[in-house]
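Participant: Compute the structure for the input listed below.
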Amino acid sequence: MHVSVRLSAALAQVTGSPRLQVEIDDDATVADLIQTLEQRYPALAPRLKHAVPIVGGNHATSQEPLTAGQEVAFLMPVAGGAFH
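Facilitator: As a prediction, the model looks like this:
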């Protein structure tokens with residue numbers, strides 16, 4: 001099945017595109033998708049370890065099942081700044 005992948009700017013620097021179409025098995029989970037992306041883009045692997053997967057507008061676990069045509073976003077957590 002095909003799923004759409006949206007990547008944050010930091011991740012898209014590695015792939016060259018913020019949007020990807022990925023072919024995965026029909027019974028794939030978020031973890032399977034991550035593994036496929038890491039195989040296709042080895043330099044993405046260290047960054048994906050810190051990315052937050054979003055499925056259907058909600059945070060997803062690695063065991064979240066995926067369905068054909070679904071969009072999965074990977075966002076990098078943001079921290080820092082100072083409060084005065």
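Participant: what about D26, how many neighbours?
Facilitator: For D26, the count of nearby residues is 8 (other CB atoms under 10 Å). In this view, the C-beta of every residue, glycine as well, is placed from N, C-alpha and C.
Participant: and it, what does it touch?
Facilitator: M1, A68 (CB atoms under 8 Å, 6 or more residues apart in numbering).
Participant: any idea how far it is from H50?
Facilitator: Shown here: D26 relative to H50, a distance of 28 Å by CB to CB, to the nearest Å.
Participant: which residue is nearest the centroid of this protein?
Facilitator: Taking CA atoms, centre = their mean, the centroid of the chain lies closest to F74, which sits 3.6 Å from it.
Participant: who touches the biggest helix by length in the chain?
Facilitator: Using DSSP state H to define each element, the chain has its longest helix at helix 30-40. With contacts defined as CB under 8 Å, 6+ apart, helix 30-40 is touched by 3, 5, 20, 22, 24-25, 28, 44-45, 48, 53, 55, 60-64, 66, 72.
Participant: quick one: the closest residue to the residue nearest to the centre of the chain other than its chain neighbours and A68, what's the gap?
Facilitator: Spatial nearest neighbour of F74, excluding adjacent residues (CB to CB, 6 or more residues apart in numbering): A51 at 4.1 Å. Distance of A51 to A68, given as CB to CB: 22 Å.
Participant: and what of K49?
Facilitator: For K49 relative to A68 (CB to CB), the value is 26 Å.
Participant: Many thanks, I have nothing further to ask.
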